[in-house]
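K.L.:
Generate coordinates for the sequence data below:
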Amino acid sequence: MRRLWITWVKQRRNVGMAELVGAELHVLTVNRPRLIRYLELGARTVRLLVQRRPNVLFCQNPSIVLAVLAVVLKPFFRYQLVVDQHNAGIQPLDGRSVLLQRMANFVKRRATISIVSNRELVEDVQSHGGHAVVCPDPLPVPGTDPVTEDARRRIESERPYILVVCSWSEDEPYEEILAAAELVVDLGVDLLFTGHPKPSALANGRPANVRFLGFVPDPDYDALMVGALSVIVLTTRQSCLNCGAYEAVASGVPPILSDTTALRGAFAPGAVFTTNQKRSIARAIRVACSESSRLRQLLPATYNSLNQSVSEALDVLEQDLRKR
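P.N.:
Next up, the predicted model:
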């Protein structure tokens, strides 16, 4: 059986999932204006399908344009379509766009199977006439590329630090994290933010214990993750399971996560949970620093539980594919 995994977004989950389901991975990207990018990537996707003729096509949503294209092409190429649905694919722009939401519901309804991260999203897919399987992220294996001297200096020459995994998107309460940093200056611990901050986030300056790393290459990111006291990954989305949380667990570093049912169910024990308000975040930072050893001892149980969940989910996925 020929299996193909296509994504228009470079992300570690695609690598791990494609390997586990035995699919040939193709990461298609191009740096062009949006309309031209969609046209070019769409054409490359069609060419790939003509060349490979898969029996099963896996694709990631987002991109919702890729997911819709895969649904439209499904009857012509006669493949089973498995869409790896992220929160932003299930509910684009948190439901604020009627057009995008209709596209998302179309994908849920017409895909053979949707892969989602928790039961709440299964119910969403089913409510639109689709079929879904819960499968958390495979735990990533940190890269083996040499660490750059820049990253080595960050790890060896600076104060203890907490890594804040941040893409500065709307669902991340970065302003509250920045405000919390001011409340823990006395700890002597830096907060290192990934990504490029939005100008609005810096309107009031930045606390003395905050540093912005900008884009971090994968080898440096892995090294910074392993060397951190803790990893902060927060979201306002109730059903979101953050990639950074999986990366923290895989690296043996206790994460600080938003206190949602989905995240507690996946990452307790070994994580510290907080509301998305500055004082609660500050308390969580203090707990993560003072109880680091105890939390690290709990992480192997979380690691094993996540691995078991992925294995069981893939068995269910294979059974469903055989039935359909």
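K.L.:
ok but Ala301 is inside a strand, no?
P.N.:
No. Using DSSP: H, G, I helix; E, B strand; the rest coil, the assignment for Ala301 is helix, not a strand.
K.L.:
Now for it: which residues touch it?
P.N.:
Contact analysis of Ala301 by Cβ atoms under 8 Å, 6 or more residues apart in numbering lists Pro269, Gly270. The way it works is simple: take the backbone N, C-alpha and C, and place the C-beta from them, glycine included.
K.L.:
try it again with 10 Å
P.N.:
Ala268, Pro269, Gly270 (Cβ atoms under 10 Å, 6 or more residues apart in numbering).
K.L.:
In contact with the last one, which residues?
P.N.:
The contact partners of Gly270, taken as Cβ under 10 Å, 6+ apart, are 248-249, 252-255, 294-303, 305.
K.L.:
Count the residues that sit near the spatially closest residue to Cys135 that is not a sequence neighbour.
P.N.:
Nearest non-adjacent residue to Cys135, counting by Cβ to Cβ, 6 or more residues apart in numbering: Ala313, 3.7 Å away. Ala313: 18 surrounding residues under other Cβ atoms under 10 Å.
K.L.:
now swap in Leu306 and tell me
P.N.:
Residues near Leu306, counting by other Cβ under 10 Å, number 21.
K.L.:
do the one 10 residues further on as well
P.N.:
Val316 has 13 neighbouring residues, counting by other Cβ under 10 Å.
K.L.:
Could you measure from it over to Val15?
P.N.:
Distance, Val316 to Val15, using Cβ to Cβ, to the nearest Å: 21 Å.
K.L.:
one step back: buried among the contacts of Gly270? Need that as a selection in PyMOL.
P.N.:
Only the buried entries of the contacts of Gly270 go into this PyMOL selection, using 16 or more other Cβ atoms under 10 Å:
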select buried, resi 248+249+253+254+255+295+299+302+303+305
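K.L.:
can you tell me which of the contacts of Gly270 are in strands?
P.N.:
Pro255 (DSSP state E).
K.L.:
next helix or strand past the one helix or strand Phe273 maps to?
P.N.:
Element membership of Phe273 [criterion: DSSP states H and E] is strand 272-274. Using DSSP H and E, the helix or strand that follows strand 272-274 in sequence is helix 278-290.
K.L.:
So which elements touch that next one?
P.N.:
Helix 278-290 is packed against strand 161-164, helix 174-183, strand 230-233, strand 255-258, strand 272-274, helix 292-323, with contacts defined by 3 or more Cβ pairs under 10 Å, 6 or more residues apart in numbering; DSSP states H and E.
K.L.:
quick one: contacts of it?
P.N.:
Residues outside helix 278-290 that contact it (Cβ under 10 Å, 6+ apart) are 160, 162, 173, 175-184, 186-189, 191, 228-232, 234, 253-259, 271-275, 277, 294-295.
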